[in-house]
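*Asks:* generate a structure from the sequence data that follows.
(chains A and B)
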Amino acid sequence: MKCTMCGTTAGCSGCPIASDFYLPETLAALEVGARGTVRRLASPNGADLRRLLALGVLPGVELEVERRWPAMVVRMGYARVALDAGLAEGVVVSRV
Amino acid sequence: MLDWLRTDFNYGYPAVTPRTGVLTPRAAAVLPGAGADRWLLVGAPNVGKSALFGQLTGVYATVSNYPGTSVEVTSGTRDRDGRAVRVEDCPGMYSLLAVTEEERVARREVLGADERAIVHVVDASHLDRALPLTLQLLATGKPLVLACNHMDEARSRGIALDLPLLAERLGIPVVGTVATTGEGVDALAAAAFAAPVPTDGWGLPHPFAAAASPLAGDAGSTLVAELALCGDPDLAASLAEGDPVRWREAVAARDAQWRSAEEFAVALATARRRMVLALLEGVVPEAPTARRRRGAALDRVLLSPWTGFPIVLLVLYAGFYKFVGGFGAQTAVNWIESAVFARWIIPPVAAAVRGLVPWAPVQDLLVGPYGLFTLGVRYAVAIVLPIVGAFFLVFALLEDCGYLPRLALLLDRGLKRIGLSGRAVIPLVLGFGCNTMATLVTRTLETSRERIIVTLLLALAIPCSAQLGVVLGILSVYPSAVAVWIGVLLGVFVFVGYLTARLLPGEPPSFYLELPPLRLPVLRNVLVKTGTRVRWYFAEIFPLFLLASALLWVGELTGALRGATRLLEPVVRLIGLPNDAAPAFLYGFFRRDFGAAGLFDLARAGVLGPAGLTTAAVTITLFVPCIAQFLMMRKERGPRMALTVLVVATGVAFSVGGLVGWLLRAVGGWA
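*Replies:* Below you'll find the model as predicted:
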């Protein structure tokens, strides 16, 4: 995906222009140990959005990937949630 | 900082005694809602709701089915100053925007028009995740109390909570509890009894309130309007029916600003989360001292496929094969059957009946070969109870320590192949205890496609514990027979699952759940859960055992039994079994385990050899579901689906059984 500001696809942590812009990635693309902030829920599927809501995966939430296989395990504060790659595809995050 | 969020917040209420734990609402006695004598426990799964329920009501909790609805709400009573307070425990829910059937059940309870006080049970460590629901519950206009459970875990994580401050901001009593030890339970009861009606100080944030307000009048509350606009199908339908014009206008206004119900829901949830974070400022420490999570290493071992799968097998072997199959089905059954029943109970009862009742058919009805006592009570108490009890004990143990969600995660990928998600693990495993109960539990699955697949697999390839115990007991003499039996069932399970998933239309399932921390099982919880399930089981099946005995007695008396048996004989011979096996299949119609127990008698008499036993075991396991399961399928899936499953199961049972019998005879060797 491209940066929301300048369109670069390379990493841009510490973007020189502004902190509001970010390089979007899907949660499914984060590796184990990576941390990110949820920016937006991009799932085209209404049911998936409702599932993410039930899990508490919302814009502004910070999360850390603990495991990717056999399903993703994500830590959010003291809570840990498991979700499959299909759902994680619909979560747009920026790395912390 | 918080003021911009408050719409109409009453600062004066309730009186707070700083940091002394529980608060007594000021002048509680005169407030509306004070003295609430019906409490409804609401909360997410895994926050310790059931344990708290047990603490509030004592072990004498009664399980009740709500008539007419498909609700499983547990209820019990608590004595308070001589008044009986009725406590009800809802199925777990994450939000009022129901995704699963059980959440729909819980939501209906919450929105129902009655005078119940709501006790919202939350996990003290995850207040930020739970409070959005609290804010919604505030809008129901019912007396509300917040119970922060698992305070001990929060403390051990170094989270020091300022509950009085939270109570002041929310305007409702907030009580810290530890359900496993009973800490704070009395305080919670006192608070719930005097629960005030909240002042609705935390309404919808600005743009959303404007969207919902035109509907609020018809809906009865902004909460219903909010849920309908968020896309709840039931509530949307009822609002659209009430005033179609106004509903269409509201939807158009929503879509103009947010495009769809789902995006409205996400935007609202995001705004509400911001409200919650503001609300929690100062309540939850800013940066809690990070400590290593207890059990993190063990958790990695359980979740990693390399170590996780061997552990699954170990749990299956030790817990189910050894404990349920070995101890429950053999040691305990043998002892109760041959020592207690055969020696101490049956002879005196039989002698007494024969002495008191002169008429032979009535003697038979009570203590004959199909007698209510000798067959019904003996099978139920001596054969089924020890096995089922042992199973429910192991299941409750796994449930209480948090292993089941991990099992779901491990098996998710495999289950996706047969059209299911990891969540299906729970009904499928429970099916090994009681298929009827498991059919009910399919409600926790999201789509009707998943529910149908699981219902079919339960009816067909999952033996219930009574059946499992009896079959393993019979076959254990021949290890290769056990292997054939397990192999055939697994094959049928995978094949039928794969085929059904291909044939049934629908979206592929998705998997998501919250992983609760691993906890040491609490003996009391485990015993209460086991006891509740065993009681449910008995209430459900004991009458059927007696009915079956009575029907068999009538059949024997009128000769209908011999006729029916004779009808079955050709079918039984077709799959290579002796005629004597026919009655066992007949029993199977009444109870799956009844049929298996009939085989038990045959094996003991030495009528069947190993090949015959294996064939019979396979056929009877795959054979039709018992009456109780059939009725449950009808209730949950409708009569058409129940009949379809019945026909499919019978067909598969006899064709697979016949095939196995033929193969075993062709191979020869141990027949």
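*Asks:* so for stretch B:657-671, mean pLDDT?
*Replies:* Computed over stretch B:657-671, the mean pLDDT rounds to 78.
*Asks:* name the residues that touch it?
*Replies:* Residues outside stretch B:657-671 that contact it (C-beta atoms under 8 Å, 6 or more residues apart in numbering or on different chains): B:478, B:480, B:484, B:488, B:574-577, B:609-612, B:614-616, B:618-619, B:622. Quick note: C-beta positions are derived from backbone N, CA and C, even for glycine.
*Asks:* centre of the chain to that stretch, how far?
*Replies:* Centre-to-centre, stretch B:657-671 and its host chain are 39 Å apart (C-alpha atoms, centre = their mean, to the nearest Å).
*Asks:* what's the answer for stretch B:226-235, then?
*Replies:* For stretch B:226-235, the distance to the chain centre is 26 Å (C-alpha atoms, centre = their mean).
*Asks:* name the residues of that stretch that are buried.
*Replies:* B:226, B:227, B:228, B:229, B:230, B:231, B:232, B:235 (16 or more other C-beta atoms under 10 Å in any protein chain shown).
*Asks:* please list which of the residues you listed also come close to chain A.
*Replies:* Restricting these to those touching chain A (C-beta under 8 Å from any C-beta of the partner chain) yields residue B:231.
*Asks:* now the buried residues of stretch B:226-235 in CSV, with pLDDT and secondary structure?
*Replies:* Output for these, formatted as CSV (pLDDT from 0 to 100; DSSP: H, G, I helix; E, B strand; the rest coil):
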residue, pLDDT, secondary structure
B:226, 89, helix
B:227, 90, helix
B:228, 90, helix
B:229, 91, helix
B:230, 90, coil
B:231, 87, coil
B:232, 86, coil
B:235, 88, helix
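*Asks:* pick the one among the buried residues of stretch B:226-235 closest to chain A.
*Replies:* Nearest to chain A out of the buried residues of stretch B:226-235 is residue B:231 (C-beta to the nearest C-beta; 6.7 Å).
*Asks:* residues from chain A in reach of chain B?
*Replies:* So far as C-beta under 8 Å from any C-beta goes, chain A lies against chain B at A:41, A:46-56, A:58-61, A:67, A:69-71, A:73, A:76-84, A:86-87.
*Asks:* lowest-pLDDT helix or strand in chain A?
*Replies:* helix A:46-55 (a mean of 86; mean pLDDT, DSSP states H and E).
*Asks:* meant to ask about chain B
*Replies:* Min over SSEs of chain B, mean pLDDT, DSSP H and E: strand B:62-63 (a mean of 46).
*Asks:* in the next helix-or-strand element following that strand, which residues are buried?
*Replies:* Using DSSP states H and E, the helix or strand that follows strand B:62-63 in sequence is strand B:74-80. Going by neighbour count (16+ other C-beta under 10 Å), the buried part of strand B:74-80 is B:74, B:75, B:76, B:77, B:78.
*Asks:* look up how far residue B:390 lies from residue B:404.
*Replies:* 18 Å (C-beta to C-beta, to the nearest Å).
*Asks:* those two - which one has more neighbours?
*Replies:* Between residue B:404 and residue B:390, counting by other C-beta atoms under 10 Å in any protein chain shown, residue B:390 is the more crowded of the two (26 against 18).
*Asks:* right, and the secondary structure at that one would be what?
*Replies:* Secondary structure for residue B:390, judged by DSSP: H, G, I helix; E, B strand; the rest coil, is helix.
*Asks:* how much space between it and chain A?
*Replies:* Computed as C-beta to the nearest C-beta, to the nearest Å, the residue B:390 to chain A distance reads 30 Å.
*Asks:* looking at that residue now. What's its pLDDT?
*Replies:* So residue B:390 comes in at 92 (pLDDT).
*Asks:* residues in contact with it?
*Replies:* Here residue B:390 is in contact with B:323, B:324, B:327, B:328, B:329, B:332, B:465, B:469 (C-beta under 8 Å, 6+ apart).
*Asks:* what is the neighbour count of the residue nearest to it when sequence neighbours are not counted?
*Replies:* Closest residue to residue B:390 apart from its sequence neighbours, by C-beta to C-beta, 6 or more residues apart in numbering or on different chains: residue B:328 at 3.0 Å. Counted with other C-beta under 10 Å, residues neighbouring residue B:328 total 26.
*Asks:* what of residue B:259?
*Replies:* So residue B:259, with other C-beta under 10 Å, has 11 neighbours.
*Asks:* over to the one 10 residues further on?
*Replies:* By other C-beta under 10 Å, 24 other residues sit near residue B:269.
*Asks:* roughly how far apart are it and residue B:208?
*Replies:* Look at residue B:269 and residue B:208: by C-beta to C-beta, they are 10 Å apart.
*Asks:* then residue A:55?
*Replies:* 21 Å.
*Asks:* report the contact partners of the residue in the stretch 151-300 of chain B that chain A sits nearest to.
*Replies:* The nearest approach of the stretch 151-300 of chain B to chain A comes at residue B:262, 4.1 Å away (C-beta to the nearest C-beta). Shown in contact with residue B:262 (C-beta under 8 Å, 6+ apart): A:46, A:49, A:50, B:230, B:231.
*Asks:* and the residue nearest to the last one when sequence neighbours are not counted, what pLDDT?
*Replies:* Right, residue B:231. Spatial nearest neighbour of residue B:231, excluding adjacent residues (C-beta to C-beta, 6+ apart): residue B:261 at 3.1 Å. Looking at residue B:261, its pLDDT is 89.
*Asks:* and if you look at residue B:301?
*Replies:* pLDDT, residue B:301: 92.
*Asks:* burial measure for it, as a count.
*Replies:* 14.
*Asks:* that one contacts residue B:310, correct?
*Replies:* No: in this structure, residue B:301 is not within contact of residue B:310 by C-beta atoms under 8 Å, at 10.0 Å.
*Asks:* if we can go back for a sec, and the least confident helix or strand of chain A, what does it pack against?
*Replies:* helix A:85-89, helix B:261-279, strand B:512-515 (3 or more C-beta pairs under 8 Å, 6 or more residues apart in numbering or on different chains; DSSP states H and E).
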